[in-house]
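[1] Let me see the structure of the following:
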Amino acid sequence: MTKADIVERIMTSTGFSKMESFDMFELVFSIMKSTLENGEDIKISGFGKFEVKQKQGRRGRNPQTGEDLTIEARRVLTFKPSTILRKVINQ
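    Predicted structure coming up:
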């Protein structure tokens, strides 16, 4: 499913125009992006939890050359689906 598909579904479900639906979609995802960028978690009841986790730097190795390298510390985004979403998917 693409952004255009989601906007189309918003449009048909709500009766808003395509532009209004697009703006609504962009606003929601803009809020989500900025929240995650600030390191805050997003918990959507019945859907799941988006969480930003800090990963420590560690030693690694290039599998092609065998060369040792350092993998820098970084933040990663994880998603844990809610129990409700897991049940719906697995039915």
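[2] all contacts plus neighbour counts: C-alpha atoms, from now on.
    Fine.
[3] And the helices in this structure?
    Assigned by DSSP state H, the helices in the chain fall at 3-14, 18-37, 83-89.
[4] Looking at these, spot the one closest to I71.
    helix 18-37 (21.0 Å; Cα to Cα).
[5] What is that closest one packed up against?
    Judged by 3 or more Cα pairs under 8 Å, 6 or more residues apart in numbering; DSSP states H and E, the packing partners of helix 18-37 are helix 3-14, strand 42-44.
[6] tell me which residues of the first one are tucked away?
    This means helix 3-14. 7-8, 10-11 (16 or more other Cα atoms under 10 Å).
[7] How far off centre is that helix?
    Centroid separation for helix 3-14 versus its chain: 19 Å, with Cα atoms, centre = their mean, to the nearest Å.
[8] Next: stretch 72-81.
    10 Å.
[9] and it, C-alpha only, in PDB?
    Extracted in PDB, the C-alpha atoms of stretch 72-81 (Å, rounded to 0.1, in the frame of the first residue of the first chain):
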ATOM      1  CA  GLU A  72      28.800   3.700  15.500                       C
ATOM      2  CA  ALA A  73      26.200   4.200  18.200                       C
ATOM      3  CA  ARG A  74      22.800   5.000  16.700                       C
ATOM      4  CA  ARG A  75      19.100   5.300  17.400                       C
ATOM      5  CA  VAL A  76      16.800   2.700  15.800                       C
ATOM      6  CA  LEU A  77      13.000   2.700  15.500                       C
ATOM      7  CA  THR A  78      11.200  -0.400  16.600                       C
ATOM      8  CA  PHE A  79       7.500  -1.400  16.300                       C
ATOM      9  CA  LYS A  80       5.700  -3.800  18.600                       C
ATOM     10  CA  PRO A  81       2.200  -4.600  17.500                       C
END
